[in-house]
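Visitor: Kindly generate the corresponding structure for this input.
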Amino acid sequence: MTTARSLNRVAVQPWVGSWRHRNGFWVVAFAFLTVMALGTVPSPLYGLYRVRDHFSLFTVTVAFAVYAIGVIVALLLGGHLSDLYGRRRLLLPSIAIAIASAVAFLLWKSLAGLLAGRLISGIAIGIVASTATAYLAELHAVGQPQASAQKAQLTASAVNIGGLAVGALVAGLLAQWAAHPLTVPYLVFGAALVLAAIGAAFVPETHEAATPRPRYRPQHLSIPHAEMGRFFAAALSSFWAFAANGLFAGLAGVFLAVTLHHPSRALAGGVVAVMFGAAVAAQFLTVGWPVTRELGAGMASMVIGIALAVVAVWLHTPSLALFIAGGALIGAGSGAIFKGAVGTVMTIAPPGRVAESLTGVFLCAYVGISLPVVGAGIALTRDVSPKVTLLGFAIAVTTGIAASALKLLGRPTTTAPAGPPAPQTPTTEGRHMSDNPNEITIDNSVLVLVDHQPWVAFSVKSIDAGLLVNNLAGLAASAKALDVPTILTTVGAEGGVLRDPLLNGLAEVRPEVTPIDRVSTNAWEDIRGAVEATGRRTLLIAGLWSEVCLAQTAVSAIAEGYRVFFVSDCSGGLSDEAHQDAKARLVQAGATPINWVAVVCEWTPDYTSEERNRAIPAVMKYGSMAGISVEYLVAQTDLVPQAG
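Guide: Residues are numbered from 1 along each chain as shown. All right, here's what the predicted structure looks like:
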């Protein structure tokens, strides 16, 4: 209800909301860029840190790994929290964490301070990445409702990677020509972060906190089973793309000073900036490209760039120009690969689990930015020369990219088995619909029917009572025939002066299901355990009344990451207006409206399947005109006996 009221205020005074949201868009972009930039400030400074704290090259790679650990932990534990508590409520703490990182770098003048600052910076980036990306999209949607969403997507992408370039470049320049090179860069970015925090405090909230506040849970990692091979190929390509970025960002100064004999800190920062800048440019240049073209171009650029870098350090007279060109091509390739990998996962991810699926890709990417770099550091500490280390790393990256290309650049079709298919027995254990391409399947969904009781139904005015009972019976009978888990609830059915059991029409088709009785209008807390026990993440919910029990239960489920479809013709409100208001609220919260016959068709899209055969009797009996149509088709094909 809070979100609806805030949106109504924007509708009444659109010029106020639009102005604040348009300006807030750039404030959030600046905050996002500044937090990301702090993550690469130490990159050109590691040579100075080694002199100050007397540590080895291996410790440089450990510092990078500590940073990646901070990102990964924050991504898993806090990256999704803005969906629950609001965008600004997470953006401000993430900026504060970044400021704490800058303070650690400034005041803690030891190796422990360096590692602590890297860890804290990683935590800030892990939280801000998803929060700011979503915030930018929503601010743009309200500030410029008629504009394409592409601007927000490109801005978020450019700021994400471009911030890494800005941090390295500015830190390198300041370290080269300003006094106190281990202090001034952090003062500059610390001041920028303070300004970003002040500005962000005045940006309008676009995503109100869920009410009631859901129980905390870590971010889930979701893998689309039907496309597992392509998912892992996308994750592997992201791993190696970020590994190459990490190697250059972490060890570019070493290669420049030791192998290429260019110890300039400004140059070290510039090389890192060129790499990340090329990644941003590649993402802009590939707008509108098919995903396979993005991936192919990115992989080719990555391999050529690595080859140039290897050649640059193996020449009799090492070439700085070739090394920088190689870094630029590596950056461009990694940008295109990562964009293509994200596009691939968004295409194959189950609806409602896109963020969870992407979490797996991000996790692989940040593992990639740490483990291979640590391996390179170990090699360098064991007297392996930098150019041999780079050659070994290049072979590993090229092999990994080639392995990903075999899966990602081929046609995304299913290979037919060599021999004849094994016969399938039409039982509930061996379904024929395991390859159902629809959003709702008999294997991923749970049916939840909330408070379909006589007393509750008396006041329903948005649907005819007889039609409501008929639709409920048809949906419940179809779910039973297809073995879809079904949860029934009642409110105050027992224990009071009067009894209010399930409607007879529903109880007669599902006598084996015991309703969960409760005393709260929000059924989620009472049914959560039963839903979790199924292991499924797609909920089909219908209930009385739409504006109360159905809405509250569905919104709570959405807040905990479930994909929710509400079956509108098995639900009803106190008035038609109340029912429509509830539907609008649910759609705004992220739920999808559907009717019961459509649900059955989603479950059984194949007319020749054994599952469709099992569902036909219920559709014929309760499906009104749809049932008559099915009855006619059955009469022509003798699929099943006609329903009596």
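Visitor: all contacts plus neighbour counts: C-alpha atoms, from now on.
Guide: OK.
Visitor: How about the helix or strand that contains residue 580, which residues are buried there?
Guide: Secondary structure assignment for residue 580, by DSSP states H and E: helix 576-589. Across helix 576-589, burial judged by 16 or more other C-alpha atoms under 10 Å covers 578, 579, 580, 581, 582, 583, 585, 586, 587, 589.
Visitor: Export the residues you listed as CSV, with columns for pLDDT and distance to residue 572.
Guide: Output for these, formatted as CSV (pLDDT from 0 to 100; distance: C-alpha to C-alpha, whole Å):
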residue, pLDDT, distance to residue 572
578, 93, 9
579, 93, 6
580, 91, 10
581, 92, 11
582, 92, 10
583, 92, 10
585, 91, 14
586, 92, 14
587, 89, 16
589, 87, 19
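Visitor: Shouldn't residue 76 be within a strand?
Guide: No. Residue 76 is assigned helix when assessed by DSSP: H, G, I helix; E, B strand; the rest coil, not a strand.
Visitor: That one reaches residue 123, doesn't it?
Guide: No. Using C-alpha atoms under 8 Å, residue 76 is not in contact with residue 123, being 10.5 Å away.
Visitor: Settle it for me: which of the two has more neighbours?
Guide: residue 123 (27 against 21; other C-alpha atoms under 10 Å).
Visitor: which ones are touching the more buried one?
Guide: Neighbour list for residue 123: 67, 70, 71, 72, 73, 74, 75, 94, 97 [criterion: C-alpha atoms under 8 Å, 6 or more residues apart in numbering].
Visitor: would you list every one of the strands in the stretch 401-550 of the chain?
Guide: Listed in chain order, the strands of the stretch 401-550 of the chain (DSSP state E, counting those that start in this stretch) span residues 445-450, 486-491, 516-518, 538-543.
Visitor: Please identify which of those strands is closest to residue 141.
Guide: The minimum distance between residue 141 and these falls on strand 538-543, with 27.0 Å, by C-alpha to C-alpha.
Visitor: Partner strands of the closest one and their direction?
Guide: strand 445-450 (parallel), strand 563-567 (parallel) (DSSP bridges).
Visitor: sorry, back to before: contacting residues around the helix holding residue 580?
Guide: Contacts of helix 576-589 (C-alpha under 8 Å, 6+ apart): 4, 461-463, 546-547, 551, 554-555, 558, 568, 572-573, 592-593.
Visitor: Quick one, which of those residues are buried?
Guide: 461-463, 546-547, 551, 554-555, 558, 568, 572-573, 592-593.
Visitor: Out of the residues you listed, which comes closest to residue 188?
Guide: For the buried ones among the contacts of helix 576-589, the nearest to residue 188 is residue 558 (41.2 Å; C-alpha to C-alpha).
Visitor: ok, for the closest one, nearest residue in space, not its chain neighbours?
Guide: residue 564 (6.5 Å; C-alpha to C-alpha, 6 or more residues apart in numbering).
Visitor: For the stretch 301-450 of the chain, just list every one of the helices.
Guide: 320-348, 354-368, 371-381, 386-408 (DSSP state H, counting those that start in this stretch).
Visitor: Nearest to residue 89 among the strands of the stretch 401-550 of the chain would be which one?
Guide: The nearest among those, by C-alpha to C-alpha, is strand 538-543 at 28.1 Å.
Visitor: For residue 160, list the residues it contacts.
Guide: 32, 33, 36, 129.
Visitor: quick one: the helices in the stretch 51-200 of the chain?
Guide: So, for the stretch 51-200 of the chain - with DSSP H, counting those that start in this stretch - the helices run 57-78, 82-85, 87-107, 111-143, 150-177, 184-200.
Visitor: mind giving me the domain split of the protein?
Guide: For the chain, automatic domain parsing gives the domain ranges 1-212, 227-411, 448-596.
Visitor: Good, wrapping up.
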